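**Q** Sequence first, then the predicted structure, then my questions.
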Amino acid sequence: MLSVENIHTYYGRSHVLQGVSLAVNKGETVALLGRNGVGKTTTIKSIIGFTPPRDGRVQLNNVDITGKPAYEIARLGVGLAPQGRDIFPTLTVRENMTLAARGAAKGGWTFERILHTFPSLAQRLDHRGRKLSGGEQQMLAIGRALMTNPDLLLLDEPSEGLAPLIVAEIGRIISRLRDEGLSILFVEQNLAMALGIADRVYVMSKGQIVFNGTPEDLNGREDVMHQYLGV
Ligand SMILES: Nc1ncnc2c1ncn2[C@@H]1O[C@H](COP(=O)(O)OP(=O)(O)O)[C@@H](O)[C@H]1O
Ligand SMILES: [Mg+2]
């Protein structure tokens, strides 16, 4: 589904991603972990085209999307719920979602189906974004990303700033989306949640991937957990 091959991404002269490679297979849920500032968001932005890599290659379904504009990458089937959610605070839930709608229902995600997946959004269709709780705002950000009918869903820190019960609910939602066939790459600081739902895990440090394996593999690597995840 997604193949990121040895990408190098810069902010001006600052060489942030230094040869990142990772893959998401069809139907897989993959976690990208690591401390603050190691380049997780930059990896997400490099995939969706906000910060195009200067070197290396990104492929989606065997199509080279490196350097394509973000709108085109989105159209090719990549949805993003960005870090910080970025929903429109003055627009309603319904407006936030319908603004993102993409014509052809290729992935089969209709407004109705999304509301079925997020019943709490269905009950708040006419509430403005800013009136929602943090958890509801995250659900809206994910629901909005699904309105583009993605094959691959990118989630950047979906549990950030949420209370434990809500984190668990977001985790269940991600698992359910996976069960419905989506391929998912998510960045996460909540290790327990990430290891509970991911098929595979990558750990980043200083712009590079330093570990790749299953949650069980990572659990057995106290050195990696300690050095790169601070646990
Ligand atoms: N717009 C930007 N301009 C310059 N440097 C940036 C920008 N965004 C992020 N950085 C730097 O790039 C590095 C990686 O950031 P980021 O990808 O956001 O890390 P993470 O998501 O893992 O916390 C950090 O050192 C950060 O300060
Ligand atoms: Mg980040």
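**A** Alright, I've got the coordinates. Ligands and ions are numbered 1, 2, ... in the order given.
**Q** and the chain, which of its residues are near ligand 1?
**A** Y11, S14, V16, G34, N36, G37, V38, G39, K40, T41, T42 (CB under 6 Å from any ligand atom). (Each C-beta comes from the backbone N, C-alpha and C, glycine too.)
**Q** mind listing what the last one touches?
**A** Listed by CB atoms under 8 Å, 6 or more residues apart in numbering, the contact partners of T42 are T9, Y11, V16, L17, T51, G207.
**Q** and the first one, what is it in contact with?
**A** What it means is T9. Applying CB under 8 Å, 6+ apart, we find T9 in contact with V16, L17, V20, G39, T42, T43, K45, S46, T51, P52, P53, R54.
**Q** Out of those, which is nearest to ligand 1?
**A** Nearest to ligand 1, judged by CB to the nearest ligand atom, of the contacts of T9 is T42 at 3.3 Å.
**Q** State the pLDDT value of that closest one.
**A** T42 is assigned 98 on the pLDDT scale.
**Q** Quick check, R124 in contact with G135.
**A** No. Contact between R124 and G135 fails when scored by CB atoms under 8 Å: they sit 11.6 Å apart.
**Q** Which strand residues bridge the residue most central in space within the chain?
**A** Centrality entry for the chain: nearest residue to the mean C-alpha point is L155, 1.8 Å, by CA atoms, centre = their mean. Assessed by DSSP bridges, L155 has beta-bridge partners A81, F186.
**Q** which ones are touching it?
**A** L80, A81, I142, A145, I174, I184, L185, F186, V187.
**Q** how close does T110 get to R75?
**A** Look at T110 and R75: by CB to CB, to the nearest Å, they are 18 Å apart.
**Q** If you could redo that for A23, that was the one I meant.
**A** Going from A23 to R75 by CB to CB gives 22 Å.
**Q** next one: G230
**A** When distance is defined by CB to CB, G230 is 38 Å away from R75.
**Q** So, low pLDDT: which residues of this protein?
**A** Filtered on pLDDT under 70, the chain yields the residue ranges 103-107.
**Q** can you map out the strands along the protein?
**A** In the chain, the strands defined using DSSP state E lie at 2-11, 14-24, 29-33, 55-60, 63-64, 78-81, 152-156, 183-187, 200-205, 208-213.
**Q** Just checking: what are the partner strands of the third one?
**A** Read that as strand 29-33. Strand 29-33 is paired, per DSSP bridges, with strand 183-187 (parallel), strand 200-205 (parallel).
**Q** out of those strands, deepest packed?
**A** Looking across the strands paired with strand 29-33 with neighbours counted as mean count of other CB atoms under 10 Å, the highest average goes to strand 183-187: a mean of 24.
**Q** Perfect, that will be all.
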